[in-house]
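> here are the coordinates; sequence isn't available:
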């Protein structure tokens, strides 16, 4: 089981590109790159004329930018959680609530199946208890009995599960 | 080859993940705010630039991105004038790279589990509240505050002037028992502090 790594991958790619481009421009500006003078223009007239003289070059640049836009849009949607919310499992939630029926004031208990149920899926179990609850006992029960039972009911023992336990402030209404 | 393999040839040595490492791999931050920000900026910049170029080629430029001005500026500017902005870009790139590479602080405190396919985490605020509730049950404790530091948990209790070291030990035992019951991983030692009121 792993955390979603798309953001880290994207940040690493963008960071590397910025670091390399910035480093090159800085070294060139300082005259550290032998043979390439710091007094030269960033966009030489010859290059500007060559690009301006060939409309296909601008179309090519636009095409590359459109491809980058689509990639970045996909990253943005995935980063916002598109396709990663999963589906709520009524059976799993019911089993969780029955398993923890002794816990007073349990709220926001829920089970979601993330990813492809037939492929690389995993369960996300979340619950919230009041501060006076013996959280150790709740965690022990989840670990030894409830999580395993829900996993077997929804698919099999190979299904990973991430449990998020929260202790809320005193006095909040339970749901 | 490991020492064990040298001593006992044919021994299959497999590196097993520790529970803490396994939990941290699942619970470490996904860098969502940074990812969303960079992805949104990249989408907007690339999309608008592409639209500007295409509409410019059709003879009806949008006029949202000043591409012509940018090209003129690049044609006027020499590399030596660009040194400090370039250093800023490189620094920004280094920050993004560090965000991608460094594991970051887990939003959930990992809890020990018996099944390697189950990862349990308790929210940092949740752990603070449950420990505070335990500390407040101690005799004579009027107020308690819990801080989760990188390598230790600091519990400060406020009591009246008649409090004793035995009371502090009792609170420390209760907090330690709750932590042991939870089985939190990597939280380090518990540091107790006593503040007396009315002295």
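Noted; the coordinates are in hand. Keep in mind that what you see is a predicted model, and the values were worked out from it rather than measured.
> contacting residues for the residue of chain B found nearest chain A?
For chain B and chain A, the shortest gap (CB to the nearest CB) falls at residue B:181, measuring 2.5 Å. Just so you know, the C-beta spots here come from the backbone N, C-alpha and C atoms, and that holds for glycine as well. Contacts here follow CB atoms under 8 Å, 6 or more residues apart in numbering or on different chains; on that basis residue B:181 touches A:134-137, A:139-140.
> ok, it to residue A:166 distance?
17 Å (CB to CB, to the nearest Å).
> the domain parsing of chain A - what is it?
A:1-40, A:54-84, A:87-167 (automatic domain parsing).
> wait, chain B
Split by automatic domain parsing, chain B gives B:22-101, B:108-196.
> roughly how far is whatever helix or strand residue A:138 lives in from the heart of the chain?
Remark: residue A:138 resides in helix A:135-141, with elements defined by DSSP states H and E. Per CA atoms, centre = their mean, to the nearest Å, the displacement of helix A:135-141 from the mean C-alpha position of its chain is 28 Å.
> quick check: buried residues in that helix?
Buried residues in helix A:135-141, counting neighbours by 16 or more other CB atoms under 10 Å in any protein chain shown, are found at A:135-136, A:138-140.
> out of these, who's near chain B?
A:135-136, A:139-140 (CB under 8 Å from any CB of the partner chain).
> which single one of these is nearest to chain B?
residue A:136 (2.5 Å).
> could you find the closest non-adjacent residue to the closest one?
Excluding its sequence neighbours, the residue lying closest to residue A:136 (CB to CB, 6 or more residues apart in numbering or on different chains) is residue B:181, at 2.5 Å.
> okay, that neighbour and residue A:129: tell me how far apart.
14 Å.
> list phi and psi for the closest residue to residue B:148 other than its chain neighbours.
Spatial nearest neighbour of residue B:148, chain neighbours left out: residue B:124 (5.5 Å); criterion: CB to CB, 6+ apart. Backbone torsions for residue B:124, taken as degrees, to the nearest 10, come to phi -60, psi -40.
> do I have it right that residue B:124 meets residue B:109?
Yes. Here residue B:124 reaches residue B:109: they are 6.1 Å apart, a contact under CB atoms under 8 Å.
> between these two, which one's more packed in?
Each of residue B:124 and residue B:109 has its neighbours counted (other CB atoms under 10 Å in any protein chain shown); residue B:109 has more, 24 against 15.
> would you say that one is within a strand?
Yes. Judged by DSSP: H, G, I helix; E, B strand; the rest coil, residue B:109 forms part of a strand.
> from what I see, it and residue B:150 are in contact.
No. Counting by CB under 8 Å, residue B:109 stays clear of residue B:150, with 12.0 Å between them.
> can you pull the buried residues of the host helix or strand of residue B:154?
Per DSSP H and E: residue B:154 is located in strand B:152-159. Residues of strand B:152-159 classed as buried by neighbour count (16+ other CB under 10 Å): B:153, B:155, B:157-159.
> enumerate the positions of whichever helix or strand comes after that strand that are buried.
Helices and strands here follow DSSP H and E; after strand B:152-159, the next one along the chain is helix B:165-182. Neighbour-count burial for helix B:165-182 flags B:167-168, B:170-172, B:174-176, B:178-179, B:181-182 (criterion: 16+ other CB under 10 Å).
> can you redo the residues you listed as a markdown table with pLDDT?
Supplementary listing: those in a markdown table, determined by pLDDT from 0 to 100:
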| residue | pLDDT |
| --- | --- |
| B:167 | 81 |
| B:168 | 83 |
| B:170 | 87 |
| B:171 | 87 |
| B:172 | 88 |
| B:174 | 89 |
| B:175 | 89 |
| B:176 | 89 |
| B:178 | 89 |
| B:179 | 89 |
| B:181 | 87 |
| B:182 | 87 |
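> look up the closest residue to residue A:137, ignoring the ones flanking it.
Nearest one to residue A:137, counting by CB to CB, 6+ apart, is residue B:181 at 6.9 Å.
> could you see whether chain A lies near stretch B:61-81?
Yes. Contact of stretch B:61-81 with chain A (CB under 8 Å from any CB) involves B:71, B:74-81.
> which other residues reach the helix or strand containing residue B:71?
Here residue B:71 sits within helix B:67-76, counting by DSSP H and E. Helix B:67-76 is contacted from outside by A:41-45, A:48, B:49, B:52-53, B:56, using CB under 8 Å, 6+ apart.
> quick check: phi and psi on the residue lying farthest from the centre of chain B?
Taking CA atoms, centre = their mean, the residue of chain B most remote from its mean C-alpha position is residue B:59, at 49.9 Å. Dihedral pair for residue B:59: phi 90, psi 0, per degrees, to the nearest 10.
> for it, give its distance to residue A:55.
In terms of CB to CB, residue B:59 sits 12 Å off from residue A:55.
> do residue B:109 as well
In terms of CB to CB, residue B:109 sits 59 Å off from residue A:55.
> equivalent analysis for residue A:9, please.
From residue A:9 to residue A:55 the distance is 35 Å (CB to CB).
> and these two? Which one has more around it.
residue A:9 (13 against 10).
> shouldn't the more buried one be within a helix?
Yes. Using three-state DSSP, the assignment for residue A:9 is a helix.
> what sits closest to it if chain neighbours are left out?
In space, residue A:9 is closest to residue B:100, 7.4 Å off (CB to CB, 6+ apart).
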